[in-house]
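Undergrad: Sequence and predicted structure are below.
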Amino acid sequence: MQAAETIPIVDCDVHPMYERFDDLAPYLSAGWRRHFEDRGVRTYARARDRYNHPNKTYRVDALPERGGAAGSDPGFTLATHVVPFGITAALLLPQQPYGVTSWGNSGAVYAYLAASNDFFRDAWVSYDDRYTLAVTVSPHDPPAAAREVRRHAGQPGVVGIQLLLMDKMMGDSSFDPIYQAACEIGLPLAVHQSGSEGCYYTSQAVAGGVPRSYGERHVVLTQVGGANLVDMIVSGTFERFPDLQVVMVEWGFSWLGPLLARMDLFWERDPAAAPLVKRRPSEYVREHFTFTTQPLDEVDTRRERAALFGPDGLDKMLLFSSDYPHYDTDDPGFVIRSRIPAGIREAVCYQNAVRVFGPQLLRGARP
Amino acid sequence: MIADYDRHVAVGDYAELFAHMSQSWRKHFERDEFVGSVRDAAAHIRLTDRFGDEVLAGSAPDPEIGLSLAVPHQGLTINGWADQVAAKAFIEALNSQSEQVWADGQGRRAAILVTPHDPAWSARVIREHGAARQFAAVALPLSPVLLGSDQFDPVYDAAVEADLPLIVHFSGVEGHYLGAPPLSGGVHRTAYARAVLMPQLAESHIASLCFGGTLAKFPALRVLFSGFGFAWLPSLTWRLDREWRTFRHDVPWVLKPPSEYVFEQVWLSTWPVREARAEWESLFAGSRAQSRVVYGSHDPFDGDTVADVRAILGSSADGVLARSDVLSAVTTGAVA
């Protein structure tokens, strides 16, 4: 079952959950505790009356033996995922906070996010040094988000900022306080689908219209990742923040090669059409973006596999991820051994991740 | 014979269309701002924010081209119009212009313009013009309803009955005008960003045609996505098939992997061919995916010449340039 005994493996997409809202109570003021107890807490972002998942969103074998939701027991995740696959570091991206993308009360959002961040730091990152955390912030109130980012500066095991997306794309200058804070404390952004995409006026959409079913929507959800990438380049974000790193989680990457070629072609034809872009768009992307592997496209032939990993510079831009404990988890043993080409395996399994998240990512490495 | 499936035609002055309108519609359209908006249509199709671009009515075709399919792109822009009733009078006038001026029933053919906002009317228009030798396709502008919706079934019925392929081409107002289809993400403020992301529209509609069951329901339906490039197709078919494998019980009307439908019923035109150099080499040349690609010059808007296509696609270019299976046998037989 061990994926590769000799190299560290960083899994850049593992979802932890708190088991019950009471877990957050110690981190909330009495006032906010009463508010949430009175009004309830919506912890899912996808409109479930609009896109119902046809099965279950989690793996049934990820349900903890002690009970509770998949991903709610740090010991069980360790015993069934981290240890068996020889994972050196698991980047925790809490998913319950994705629900705030449909909240309107920004005071409640930041009280909840701060409590959630502190809970996962104490209950998971302190539980085992193979767990590392991206603390979550939302775009409701960028200055408040920047304060939350700075609050976690220098904390052991906090290696990134999980930025949630709402209607504004990532090139919008309203994000600048968040980017400034992230650069100041030297942490990358991690941006994961929240599930709200294509559901609300307050979320971003896929192209063309409203996909009919969950699976059809899932085919084209990747587009939102591409749109935000383009928006950051066109908006000159990396001219303003030359140290900013963005980790795109679960947006796929097979669309990247054609998109970069198109960006470069149209920019070369008319550079004045994108006046904030000072050099070839693809150069910014290769310097500032990384992409996680899950869900890895299931190619049919060796030629297709070579092409999937073939785009120029992709070897430096890919980070391994499993998406445990979700229904479409990529099996680390199979994907690393049988799908990631040997020539880029070390880069994808840990070297690129360490470059982006810093050496403390491997604080849990066993001798 | 080389066929060009993406040749744009336009009137230099909207007043040229008045001769094809009833007196009352002519009176409606005889207004300065409508007539002046002919320059807006030219800017839209170019995906540019440059002001005052010339209206280009077309250029002399490459002598190697034996058949060209004219797309009256001004008619596509109705997907940004507020008045969808007037839009029908406008595109019918353009259809008359095609029949009388732009197409000759031989090497110059045109696409019948219809509207996504009135499928029953569109089906009647297809049946009315479909047998005329001037027409070789149906051009359906995009609305915010994805093409897998069964509200378009009357259009598909009529297109299949007339043995005409459906052409889907952006107008340029997508992601820009209210009521037109959105692009992905949020609001894209530059025409450059919209141009870069335009292929995602084709992705979404192909996914919808597959997962909505349209291609299964109309096995004789042929759909050409034109002007969107094609290098992204393998990424899309990998994702389509993966999601179908995971959720096929949720869409039991999709009877086989979606890529199978795409490889039989969907075509893509080449423009802009320069963006596809790497993917052509690594994924298309000599593969099944190559069979989906037909030549589209996109002339006269930064178009690709036959020589451009040969330069990028190399030894497999001639197969692409000669491909005609998207058209009906009647059309190709008449030209040959």
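TA: That came through, no problem. Numbers count the residues shown, from 1 in each chain, chains lettered A, B, ... in the order given.
Undergrad: and the residue in the stretch 1-150 of chain A positioned nearest to chain B, what does it touch?
TA: The stretch 1-150 of chain A approaches chain B most closely through A:Pro54 (4.0 Å), counting by C-beta to the nearest C-beta. Glycine gets a C-beta too; all of them are placed from N, C-alpha and C. Counting by C-beta atoms under 8 Å, 6 or more residues apart in numbering or on different chains, A:Pro54 touches A:213-215, B:247, B:249-250.
Undergrad: so which of these comes closest to A:Trp32?
TA: Comparing these against A:Trp32 with C-beta to C-beta picks out A:Tyr214 as the nearest, at 33.6 Å.
Undergrad: Okay, the closest one and A:Val224: tell me how far apart.
TA: A:Tyr214 sits 16 Å away from A:Val224 when distances are taken as C-beta to C-beta, to the nearest Å.
Undergrad: for A:Pro26, same thing?
TA: 35 Å.
Undergrad: next one: B:Met1
TA: Counting by C-beta to C-beta, the gap from B:Met1 to A:Val224 is 42 Å.
Undergrad: Tell me which of the two has more neighbours.
TA: Between B:Met1 and A:Val224, A:Val224 has the larger neighbour count (other C-beta atoms under 10 Å in any protein chain shown), namely 26 against 13.
Undergrad: in a helix, that's where that one is, yeah?
TA: Yes. Counting by DSSP: H, G, I helix; E, B strand; the rest coil, A:Val224 falls inside a helix.
Undergrad: I figured it hits A:Trp251, correct?
TA: Yes. Between A:Val224 and A:Trp251 there is a contact at 7.3 Å, judged by C-beta atoms under 8 Å.
Undergrad: between those two, what contacts are shared?
TA: Contact with both A:Val224 and A:Trp251 is made by residues A:Gln193, according to C-beta under 8 Å, 6+ apart.
Undergrad: what's the nearest residue to B:Thr48 once chain neighbours are set aside in contact with, if anything?
TA: Spatially, and ignoring its direct neighbours in sequence, B:Thr48 is nearest to B:Ala191 (5.2 Å; C-beta to C-beta, 6 or more residues apart in numbering or on different chains). The contact partners of B:Ala191, by C-beta under 8 Å, 6+ apart, come to A:273, B:47-49, B:176.
Undergrad: same deal with A:Phe289?
TA: A:229, A:245-248, A:317.
Undergrad: rerun that using 7 Å as the cut-off
TA: Counting by C-beta atoms under 7 Å, 6 or more residues apart in numbering or on different chains, A:Phe289 touches A:229, A:246, A:248, A:317.
Undergrad: Now rank the residues you listed by neighbours and give me the top one.
TA: Neighbour tally across the contacts of A:Phe289 (other C-beta under 10 Å): the maximum, 30 neighbours, falls on A:Leu229.
Undergrad: did I read that right, that residue in a strand?
TA: No. Counting by three-state DSSP, A:Leu229 is not part of a strand but helix.
Undergrad: Kindly provide the distance from it to A:Lys278.
TA: With the distance defined as C-beta to C-beta, A:Leu229 ends up 17 Å from A:Lys278.
Undergrad: So what's the residue count around the closest residue to B:Val11 other than its chain neighbours?
TA: In space, and not counting its chain neighbours, B:Val11 is closest to B:Leu17: 6.0 Å by C-beta to C-beta, 6+ apart. Number of residues near B:Leu17 (other C-beta under 10 Å) recorded here: 23.
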